[in-house]
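**Q** Take a look and give me a structure for this.
(chains A and B)
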Amino acid sequence: MNELLEFNPKRLTLARRRRGLTKTKLAELVGVEVRSITGYESEEYKPDPERLIQLAEKLHFPVQFFFGDDLDEISPDIVSFRSMSKMTAGQRDTALGAGAIALLLHQWVDVRFDLPRAELPDLSQETSPEAAAETLRRLWGLGELPVKNMIHLLEAKGIRVFSLSIDTVQVDAFSMWHAETPFVFMNTKKSCERSRFDAAHELGHLVLHRHAGARGPEVEREANAFASALLMPRASVLANAPHMATVDQLVRFKVFWTVSVAALAYRLRDVGLVSDWHYRNLCIEIAKRGYHKREPEEAPRETSQVLAKIFAALREEAVTKLDIADALNVHVEELDQLVFGLALTGLSSRNRVAVTSTRRPQLRVVSSHNDVKKG
Amino acid sequence: MATILHIEPIAAKSALARLGLNEEALLEAAKHGYLARSNCTANHPPLYAPFVAWGETVRVLREQLTTIGWKRNDEKNYSRIIHPDGYFAIAVATGDEATGMASGFPCNKSVKGPSTIDAIEINRLQAWLPGMGPDELQNDPKEGQPMTWLLLVHHALNEIRSELSQPFDIGSNGRINGWRERILLRTIPLDFDPQEIIPPSQPDLDVAVRRKA
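**A** Numbering: from 1, shown residues only, chains lettered A, B, ... in the order given. Presented below is the predicted three-dimensional model:
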């Protein structure tokens, strides 16, 4: 059986994009001409086994990854990025690549677990993002209470939450629909308060812009307004806000809604509790104190209940992360990144150690695999 | 001379309207002084906080009133803003704890210098009807100069109290001891409460996750 016949060029493209590499850059890394990469990806010709191993190593994917079926591709059209304009193509591709791997994991999980089904109304016809947030609160029975845990709320309503382990402030979060399942990817390297706002912002996209297709600053503003109103309902703010909003008071009061100092200041102006003048003064002081970069009195991070429960169940069955990674033909790091900051325990640290120690031998087995090497 | 006191919000409002002012502009200025003070840390020099509070109050008052024709004036480093007609001016001063209280007699907190004394002298002079003042005051070069009102602001622990008042006498100790008219402004509540803010307690959401058979 000739395994080279099964090489899937689309998977090479995905792997390259996942690493945020251009064809030129990948060609440089591997030491080939760009047209070779173009050729591999367009199915003009196939990489020979040694080249494939090189590609796999440079792209940090197991060789087997390039031999599967087509993966569900995620195109930028169906995704809302928070700050598209600030992102480079590489950053966007990296994020979308993470999305594609998440779909793999999601499908693996879906076969084995019953998770809440999506329960998201279409609120695109509401008169304003604020009205949409109020409607959603009513539908979900949240009253005027603060959202205790934003990730749990999304998960309970059937949204799959994954981490976007990307070291860039340009990508805050993104969301997408795949078939009937909504997904939210969050940059979990931000403060808890920022992440909660990002999650609420993405929820806004999911309920407001599912069929809109339109993107741009206006849509982002709507998602922000939605997030602000969802996390800080008007009546609750009017009842519980400080009388005299100094930055120190904002730091003290923000714990009520678990929002950032900056988000609370914005909301106070929004509901008319502080004047534009006053708001500007607060913004200047917030910037001066560096609170945009480092949230004061940061709340403990929210984590995923779904992932925790799945991992706990798998642990009992002695299924390790390595097993899942093997099944998906990806390295364990790939899974780690999808759950980074969302799952505290993961699949026990013992497994982690085992996984790291078996990773290299596994690669060696692959690289000396006769079927692959000799065709 | 008895002090004319405007206590009720309606009385204050019409007294301010007479001067072409509204309460919001004055309170906005007072608020900003408080904000500026609240942004000071223990590492700022202690004298900086009241100074910056005063400075910001002056700035915000002027920024608002210049848009409706008032003119900034810093003659002899006495910072005021003068009504478009030139009849009166406003200076800002930090008041003591009696500020904004109908029953009290407020006083400026820091000792006032020659400019304030001059301004109060003008206030006294202008009080006389034309031709009826003491002879020595007639044809004084100060005639025709604006009367000065003070926006007195006091930051108490739990509120900001302020008033717009016209002084007419100042003691040799540099403290005002006579007011012709006092317009008490609405107090701005502060959030003095050492108690920790605690969000309402709620149960955790349970996300149903079941292993398929």
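**Q** got any ranges where the stretch 101-250 of chain A has weak pLDDT?
**A** The model of the stretch 101-250 of chain A has pLDDT under 70 over residues A:166-170, A:212-215.
**Q** Check which residues of the lengthiest helix in chain A are buried.
**A** In chain A, assigned by DSSP state H, the helix with the most residues is helix A:89-112. Under the neighbour-count criterion of 16 or more other C-beta atoms under 10 Å in any protein chain shown, helix A:89-112 has A:91-106, A:109 buried. (Each C-beta comes from the backbone N, C-alpha and C, glycine too.)
**Q** Could you do stretch A:126-137 as well?
**A** A:Glu126, A:Pro129, A:Glu130, A:Ala132, A:Ala133, A:Glu134, A:Thr135, A:Leu136, A:Arg137.
**Q** The fifth one: which element?
**A** Looking back up the chat, that one is A:Ala133. helix A:129-139 (DSSP states H and E).
**Q** Can you tell me which helices and strands that helix packs against?
**A** helix A:192-208, helix A:217-231 (3 or more C-beta pairs under 8 Å, 6 or more residues apart in numbering or on different chains; DSSP states H and E).
**Q** tilt between the shortest one and helix A:129-139?
**A** Between helix A:217-231 and helix A:129-139, the angle comes out at 40 degrees (axes from the mean of the first three to the mean of the last three C-alpha atoms, to 10 degrees).
**Q** any idea which helix or strand comes after helix A:217-231?
**A** Heading C-terminal from helix A:217-231, the first helix or strand you meet, by DSSP H and E, is helix A:234-240.
**Q** Just the residues contacting that following helix, thanks.
**A** Residues from elsewhere that reach helix A:234-240 (C-beta atoms under 8 Å, 6 or more residues apart in numbering or on different chains): A:Glu130, A:Glu144, A:Leu145, A:Pro146, A:Phe253, A:Phe256, A:Trp257, A:Arg267, A:Leu268, A:Val271, A:Leu273.
**Q** which among these end up buried?
**A** Buried among the contacts of helix A:234-240 by 16+ other C-beta under 10 Å: A:Glu130, A:Pro146, A:Phe253, A:Phe256, A:Trp257, A:Arg267, A:Leu268, A:Val271, A:Leu273.
**Q** Residues of chain B that sit close to chain A?
**A** B:28, B:31-32, B:34-35, B:38-39, B:60, B:160, B:188-191, B:197-200, B:202, B:204-212 (C-beta under 8 Å from any C-beta of the partner chain).
**Q** Helices along the stretch 151-300 of chain A, start to end?
**A** With DSSP state H, counting those that start in this stretch as the criterion, the stretch 151-300 of chain A has helices at A:192-208, A:217-231, A:234-240, A:247-253, A:261-270, A:276-288.
**Q** winner for burial among those helices?
**A** Highest mean neighbour count of the helices of the stretch 151-300 of chain A: helix A:192-208, a mean of 25 (counted as mean count of other C-beta atoms under 10 Å in any protein chain shown).
**Q** Return the list of helices and strands in contact with it.
**A** helix A:129-139, helix A:150-156, strand A:173-178, strand A:181-186, helix A:217-231.
**Q** again, only using 10 Å
**A** strand A:79-81, helix A:129-139, helix A:150-156, strand A:160-163, strand A:173-178, strand A:181-186, helix A:217-231, helix A:261-270 (3 or more C-beta pairs under 10 Å, 6 or more residues apart in numbering or on different chains; DSSP states H and E).
**Q** Out of the ones you listed, which gets nearest to A:His331?
**A** A:His331 lies closest to strand A:160-163 among the helices and strands packed on helix A:192-208, at 15.9 Å (C-beta to C-beta).
**Q** partners of B:Glu163 in the sheet?
**A** For B:Glu163, the beta-bridge partners under DSSP bridges are B:Leu152, B:Leu184.
**Q** does it really touch B:His154, like I thought?
**A** Yes - between B:Glu163 and B:His154 there is a contact under C-beta atoms under 10 Å: 8.9 Å.
**Q** For these two, list the residues in contact with both.
**A** By C-beta atoms under 10 Å, 6 or more residues apart in numbering or on different chains, B:Glu163 and B:His154 have these common neighbours: B:Ala30, B:Gly95, B:Ala98, B:Thr99, B:Gly100, B:Met101, B:Pro106.
**Q** how near is the first one to B:Arg18?
**A** Spelled out, it's B:Ala30. Counting by C-beta to C-beta, to the nearest Å, the separation of B:Ala30 from B:Arg18 is 20 Å.
**Q** Then the fourth one?
**A** The gap separating B:Thr99 from B:Arg18 is 21 Å, by C-beta to C-beta.
**Q** The two: who's more crowded?
**A** B:Thr99 (27 against 9; other C-beta atoms under 10 Å in any protein chain shown).
**Q** Apart from its chain neighbours, what residue comes closest to the residue positioned nearest the centre of chain B?
**A** With distances taken as C-alpha atoms, centre = their mean, B:Leu151 lies nearest the centre of chain B, 2.7 Å away. Distances taken as C-beta to C-beta, 6 or more residues apart in numbering or on different chains place B:Val92 nearest to B:Leu151, at 4.8 Å, with adjacent residues excluded.
**Q** and the one you found, how many residues sit next to it?
**A** B:Val92 is flanked by 27 other residues according to other C-beta under 10 Å.
**Q** Which one's more surrounded, B:Glu163 and B:His154?
**A** More crowded of B:Glu163 and B:His154, by other C-beta under 10 Å: B:Glu163, with 28 against 22.
**Q** Make a markdown table out of the helices of the stretch 151-300 of chain A and add distance to A:Leu164.
**A** Formatted as a markdown table, the helices of the stretch 151-300 of chain A follow (distance: least, C-beta to C-beta, whole Å):
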| stretch | distance to A:Leu164 |
| --- | --- |
| helix A:192-208 | 10 |
| helix A:217-231 | 16 |
| helix A:234-240 | 30 |
| helix A:247-253 | 28 |
| helix A:261-270 | 20 |
| helix A:276-288 | 25 |
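**Q** Does the one helix or strand in chain B whose mean pLDDT sits lowest pack against any helices or strands, and if so which?
**A** None of the helices or strands of chain B scores lower by mean pLDDT, DSSP states H and E than helix B:114-127, at a mean of 82. Judged by 3+ C-beta pairs under 10 Å, 6+ apart, helix B:114-127 is in contact with strand B:88-94, strand B:147-155, strand B:159-170, strand B:176-184.
**Q** Can you redo these as a markdown table, where the extra columns are mean pLDDT and distance to A:Ala227?
**A** Output for those, formatted as a markdown table (pLDDT from 0 to 100; distance: least, C-beta to C-beta, whole Å):
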| stretch | mean pLDDT | distance to A:Ala227 |
| --- | --- | --- |
| strand B:88-94 | 95 | 40 |
| strand B:147-155 | 95 | 35 |
| strand B:159-170 | 94 | 33 |
| strand B:176-184 | 93 | 42 |
